[in-house]
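**Student:** Return a 3D structure for these sequence lines:
(4 chains)
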There are 2 protein chains.
Amino acid sequence: METRVTATPDAKPRGTRLPRLARRRQLLSAAQEVFVENGYHAAAMDEIADRAGVSKPVLYQHFPGKLELYLALLDLHVDDMVNRCRDALASTNENKLRVQATFQAFFDFVSTQGEAFRLVFESDLRNVAPVRQRVERSLRECAEMVSALIQEDTGCTSDEAHLLGVGLVGMAEVSARYWVTTHGSIPKDAAEQMMARLAWRGISGFPRTA
Amino acid sequence: METRVTATPDAKPRGTRLPRLARRRQLLSAAQEVFVENGYHAAAMDEIADRAGVSKPVLYQHFPGKLELYLALLDLHVDDMVNRCRDALASTNENKLRVQATFQAFFDFVSTQGEAFRLVFESDLRNVAPVRQRVERSLRECAEMVSALIQEDTGCTSDEAHLLGVGLVGMAEVSARYWVTTHGSIPKDAAEQMMARLAWRGISGFPRTA
DNA sequence: CGACGTGCCTACTCGCCCGTAGGATGTCCG
DNA sequence: CGGACATCCTACGGGCGAGTAGGCACGTCG
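**Tutor:** Sure thing, here's the model as predicted:
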């Protein structure tokens, strides 16, 4: 007795036929689960198909190969992160609040979609050019947006501002990742506030020279 | 191809017999080259053996398997990093100088041994427990040492100080990695100084509450 | 000189997993 | 009804690379 599963996500009744787009979404979701749990290399296409309640050829009717499937997911989350960062920086004109909003953006990012942030921050495929490119580009893009603001206020050279920007973004990334793995010791907003305070004290009125 | 600069004598005189310990050191060096260039997964035991001018069974007479070989190298560099960090923090009693010394330690670390820091910071085997354990432990240990000092001066709770410590160490790691890949734009000591200044401004006299 | 140990080699097995060939089973429309 | 079209299946091919079997060369010591 097969009832019609309309939009219920993550059902595995081997035998339901789905329209193409819905199937694709489901496959992406299953793939994300497996890639996040195991990383790229330990993830098997068979398991992704299994978890979607489907056989392997179906997977290959939607994606030309394992790498392309991975890149599709990676793009999704890389863009998500950059957009969150951009929105945070554009949410106000006061730099102190910008810093707070940006840290909140990073903490939000690592809190969503299970542990999908691992695709961006802990990919085990960085040695493959298209992956490396996307991951590094996302960091640079965030740092770029930050360093543009830094340059306005401090008069640092472009290179110097970039270094500071990368450092700040890196601090946000690493602290957010640490916080998310030790859930329970500090509430989210307290952690965000503390890190934002650290960053703002460091960067506000940063002197051009020693 | 990349430049073939090795600590060990180059060349593959397939026929030179070496005493056990010397051979082992050479194998470790060859393995480091290959693992750093390609990551764990894309590195082939055949190529490691080749680069050492030796055949594969020799490799297996020194290491029980690929993973153990990798772990031996990883331990080396993880310990190196933690020691550099510890020494830097112990090099003075004045916290401002401690911060400077610590950033210098991270910049030194990413500057040595080709790009061996990739083993620690960009391992593509973090999904395997013993690797993940070592990598995370190294970050925690550095952050632990930093947070102990933070706690003394700020009266933060242990959890709060840990978060700050992880953030600062993360900033050092990420900025050092960024700097090393963009060699030429900023001299090493200038980059160290600037990042140290950012961190010190942020952390010195950090207020307990908002 | 021959027996033994050490260092090394060539050449194979074997398991894993990506990707595919070819066939079955609905659904829609004339 | 019957054919066209889509969706999905059960297998299998084939490459790649970790790890191994078994043998050769060279020295040394009784």
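**Student:** alpha carbons only for contacts and neighbour counts from here, please
**Tutor:** Noted.
**Student:** Surely A:Cys85 touches A:Phe106?
**Tutor:** Yes - counting by CA atoms under 8 Å, A:Phe106 is a contact partner of A:Cys85 at 7.4 Å.
**Student:** Which residues of chain A lie near chain B?
**Tutor:** Within chain A, the positions lying close to chain B (CA under 8 Å from any CA of the partner chain) are A:38-39, A:41, A:122-127, A:159-160, A:163-164, A:166-172, A:174-175, A:178-179, A:185-186, A:191, A:194-195, A:197-203, A:206.
**Student:** and A:Thr92, what element?
**Tutor:** Under DSSP states H and E, no helix or strand contains A:Thr92.
**Student:** What segments of chain A are helices?
**Tutor:** For chain A, the helices defined by DSSP state H cover A:20-42, A:45-51, A:56-62, A:66-90, A:95-111, A:117-121, A:129-154, A:158-181, A:188-203.
**Student:** Check which helices and strands the first one is in contact with.
**Tutor:** When contacts are defined as 3 or more CA pairs under 8 Å, 6 or more residues apart in numbering or on different chains; DSSP states H and E, helix A:20-42 packs onto helix A:45-51, helix A:66-90, helix A:117-121.
**Student:** Of those, which stretch is the most buried?
**Tutor:** Among the helices and strands packed on helix A:20-42, helix A:117-121 has the highest mean neighbour count (mean count of other CA atoms under 10 Å in any protein chain shown), at a mean of 21.
**Student:** neighbouring contacts of it?
**Tutor:** Under the contact criterion CA atoms under 8 Å, 6 or more residues apart in numbering or on different chains, helix A:117-121 has outside partners A:35-36, A:39, A:74, A:77-78, A:109-110, A:135.
**Student:** show me the contacts for A:Ala199.
**Tutor:** A:99, A:168, B:202.
**Student:** Over to A:Gly170?
**Tutor:** By CA under 8 Å, 6+ apart, the neighbours of A:Gly170 are B:170-171, B:174-175.
**Student:** and DNA strand C, which of these reach it?
**Tutor:** Residues of these in contact with DNA strand C (CA under 7 Å from any atom of the strand): none.
**Student:** For the contacts of A:Ala199, give me a markdown table that also has pLDDT and neighbour count.
**Tutor:** Listed next are the contacts of A:Ala199 as a markdown table, based on pLDDT from 0 to 100; neighbours: other CA atoms under 10 Å in any protein chain shown:
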| residue | pLDDT | neighbour count |
| --- | --- | --- |
| A:Val99 | 98 | 25 |
| A:Leu168 | 98 | 33 |
| B:Gly202 | 96 | 21 |
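**Student:** nearest to DNA strand D, of these?
**Tutor:** A:Leu168 (37.4 Å; CA to the nearest atom of the strand).
**Student:** Just give the closest residue to that closest one, not the sequence neighbours.
**Tutor:** B:Met171 (6.4 Å; CA to CA, 6 or more residues apart in numbering or on different chains).
**Student:** residues in contact with that neighbour?
**Tutor:** A:167-171, A:174.
**Student:** So, low pLDDT: which residues of chain A?
**Tutor:** A:1-15, A:208-210 (pLDDT under 70).
**Student:** now the helices and strands packed on helix A:20-42 in JSON lines, with distance to DNA strand D?
**Tutor:** Compiled in JSON lines, those are given as follows (distance: least, CA to the nearest atom of the strand, whole Å):
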{"stretch": "helix A:45-51", "distance to DNA strand D": "8"}
{"stretch": "helix A:66-90", "distance to DNA strand D": "13"}
{"stretch": "helix A:117-121", "distance to DNA strand D": "23"}
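**Student:** I'd like these written out as a markdown table, with distance to A:Arg25 added.
**Tutor:** Listed next are these as a markdown table, based on distance: least, CA to CA, whole Å:
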| stretch | distance to A:Arg25 |
| --- | --- |
| helix A:45-51 | 13 |
| helix A:66-90 | 11 |
| helix A:117-121 | 18 |
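**Student:** Pull up the gap between the closest residue in space to A:Leu198 that isn't next to it in sequence and B:Ala196, please.
**Tutor:** Distance criterion CA to CA, 6+ apart; nearest residue to A:Leu198, sequence neighbours excluded, is B:Gly202 at 4.8 Å. Distance, B:Gly202 to B:Ala196, using CA to CA, to the nearest Å: 10 Å.
**Student:** from the contacts of helix A:117-121, which is closest to chain B?
**Tutor:** A:Gly39 (6.6 Å; CA to the nearest CA).
**Student:** The closest one - how many residues pack around it?
**Tutor:** Neighbour count for A:Gly39, taken as other CA atoms under 10 Å in any protein chain shown: 23.
**Student:** Pull the contacting residues for it.
**Tutor:** A:Gly39 neighbours (CA under 8 Å, 6+ apart): A:119, A:123-124, B:127.
**Student:** again with A:Asp189
**Tutor:** A:Gln104.
**Student:** Kindly report the same for the one 3 residues further on.
**Tutor:** With contact taken as CA under 8 Å, 6+ apart, A:Glu192 is in contact with A:100, A:103-104, A:107.
**Student:** Adding neighbour count and distance to A:Asp46, write these out as a markdown table.
**Tutor:** Listed next are the contacts of A:Glu192 as a markdown table, based on neighbours: other CA atoms under 10 Å in any protein chain shown; distance: CA to CA, whole Å:
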| residue | neighbour count | distance to A:Asp46 |
| --- | --- | --- |
| A:Gln100 | 20 | 43 |
| A:Phe103 | 30 | 38 |
| A:Gln104 | 23 | 37 |
| A:Phe107 | 22 | 33 |
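**Student:** how many neighbours does A:Arg20 have?
**Tutor:** Residues near A:Arg20, counting by other CA under 10 Å: 11.
**Student:** typo on my end, it should be A:Arg132
**Tutor:** The burial count for A:Arg132: 16, using other CA under 10 Å.
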